[in-house]
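>>> any chance you could fold what I've pasted below:
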Amino acid sequence: MNPILNVAAKDVYEGIKTKRFIITLAVFVLAGMGMAYWTKSVLMNMQIEGVNTVNILRGSQISSVKYFLAILGMLIGADAINRETEEGTIKVTLSHPIYRDQFILGKFLGRAATLTVAFLLFAVASLASMLVVGIPPNMELLMTFVKPLPFFLLFSLVYLALGMLLSVLIKKPATAIIVAIILPIFIEFLYPTVVSIVVVIEAMHSSGLSQAALQDAISKVNLFLSVVPGYHLQNITNAIFYGVTSSQMTQGGVGMALSESYTAPPYFEALSLAWKNIVILAVMLLLPFAFMYVKFMRTDLR
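Here you go, the predicted model:
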């Protein structure tokens, strides 16, 4: 067998049977069930004319998928190298006829496969939970997972590459795992929240709540969020389902995404609207992977 595929297959087998993977997945499955109950409660009490409930459900599902993939991707990658270095198994592996670049590529492919399996299980559990609580998943909700699937995976690979970069930079697996939990929460939740609040407060201090000041503040927020992978994923999914990106939604008014007047455009036409976001996500994957690759090739594994 090809050495890269051999390493990948071994990594998938060992990754899926670990207690950490099982516990992490169980936590997110329970979170998905909780979100299903919360969504049902919100929908039962919501009486807003002109609001499409499918869009509300889709938004909650995409948001949960984003956080799930970000945290799980980082966790799966965070001990890819340092654990083997700590246990000494990496020296045994590299004593066989296999090069470092083949080893690191095999590790990445194996962890990517593990991440894909976890995502599919999470998607099935989320849809099943909705069915259990009395929200029948129709074809529209099923498409929430199917249509953006390549970009969910691309997004998850960004965080997997970041996690593997941590595994090369941080020698202790336990420390790397702690950072892997905190970092995606900061990137995807805390940083966007703080940026939005600070920019809005600054706009209110300088120009009040005029329309021009509000538009300028929105533009600044979009600029600062351009470093967040989830921001680009949101742009892509909105283009797929509504034919308009997130930045256009915010500039067009609050609640625009909930309007029934926005329908899904043809698939490739939607992708043409968000092609810049797709390219940026790809670059966000390549940069940490390149740093991780170079660092690993030069690392002393003793």
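>>> which parts of the stretch 201-302 of the chain are helices?
In the stretch 201-302 of the chain, the helices defined using DSSP state H, counting those that start in this stretch lie at 211-224, 229-242, 246-252, 267-273, 275-298.
>>> under the pLDDT cut-off, which ranges of the chain? List them.
1, 32, 39, 42-54, 136-138, 141, 207-210, 246-262, 301-302 (pLDDT under 70).
>>> what's next to stretch 184-198, contact-wise?
66-67, 70-71, 73-74, 159, 221, 224-225, 228-231 (CB atoms under 8 Å, 6 or more residues apart in numbering). Where C-beta positions appear, they are placed from N, C-alpha and C, glycine not excepted.
>>> my bad, should have said stretch 287-302
81, 85, 90-91, 94, 100-101, 104, 108, 158, 161-162, 164-165, 167-169.
>>> just the ones of those in helices?
Among these, DSSP state H puts 85, 90-91, 94, 100-101, 104, 108, 158, 161-162, 164-165, 167-169 in helices.
>>> and for Val194, the neighbour number?
12 (other CB atoms under 10 Å).
>>> ok, the one 4 residues further on next?
By the other CB under 10 Å criterion, the neighbourhood of Val198 contains 13 residues.
>>> how close does it get to Ala290?
According to CB to CB, to the nearest Å, Val198 and Ala290 sit 32 Å apart.
>>> Ile187 too?
19 Å.
>>> the two - which one has more neighbours?
Neighbour count, other CB under 10 Å: between Ile187 and Ala290, Ile187 has more, with 19 against 12.
>>> phi and psi next, for that one.
With angles defined as degrees, to the nearest 10, Ile187 sits at phi -70, psi -50.
>>> hmm, Leu285 is touching Phe151, no?
No - contact criterion CB atoms under 8 Å: Leu285 and Phe151 do not qualify, at 11.5 Å.
>>> pull the contacting residues for the closest residue to Met164 other than its chain neighbours.
Using CB to CB, 6 or more residues apart in numbering and skipping residues adjacent in sequence, the residue nearest Met164 is Gly77, 4.0 Å away. By CB under 8 Å, 6+ apart, the contact list for Gly77 reads Arg111, Tyr159, Leu160, Ala161, Leu162, Gly163, Met164, Leu165, Leu166, Ser167, Ala180.
>>> how many neighbours does the last one have?
Per other CB under 10 Å, the neighbour tally for Ala180 reads 26.
>>> and it, what element?
Assigned by DSSP states H and E, Ala180 belongs to helix 173-185.
>>> angle of that helix against helix 229-242?
Taking axes from the mean of the first three to the mean of the last three CA atoms, to 10 degrees, one finds helix 173-185 and helix 229-242 inclined to each other by 50 degrees.
>>> let's see helix 173-185 as PDB, backbone CA atoms only.
The C-alpha trace of helix 173-185 is given here as PDB (Å, rounded to 0.1, in the frame of the first residue of the first chain):
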ATOM      1  CA  PRO A 173      -0.600  17.200  23.900                       C
ATOM      2  CA  ALA A 174      -2.700  18.300  26.900                       C
ATOM      3  CA  THR A 175      -1.600  21.900  26.500                       C
ATOM      4  CA  ALA A 176      -2.300  21.800  22.800                       C
ATOM      5  CA  ILE A 177      -5.800  20.300  23.400                       C
ATOM      6  CA  ILE A 178      -6.700  23.100  25.900                       C
ATOM      7  CA  VAL A 179      -5.600  25.700  23.300                       C
ATOM      8  CA  ALA A 180      -7.500  23.800  20.600                       C
ATOM      9  CA  ILE A 181     -10.700  24.300  22.700                       C
ATOM     10  CA  ILE A 182     -10.200  28.000  23.500                       C
ATOM     11  CA  LEU A 183      -8.900  29.200  20.100                       C
ATOM     12  CA  PRO A 184     -11.900  28.400  17.900                       C
ATOM     13  CA  ILE A 185     -14.300  29.800  20.500                       C
END
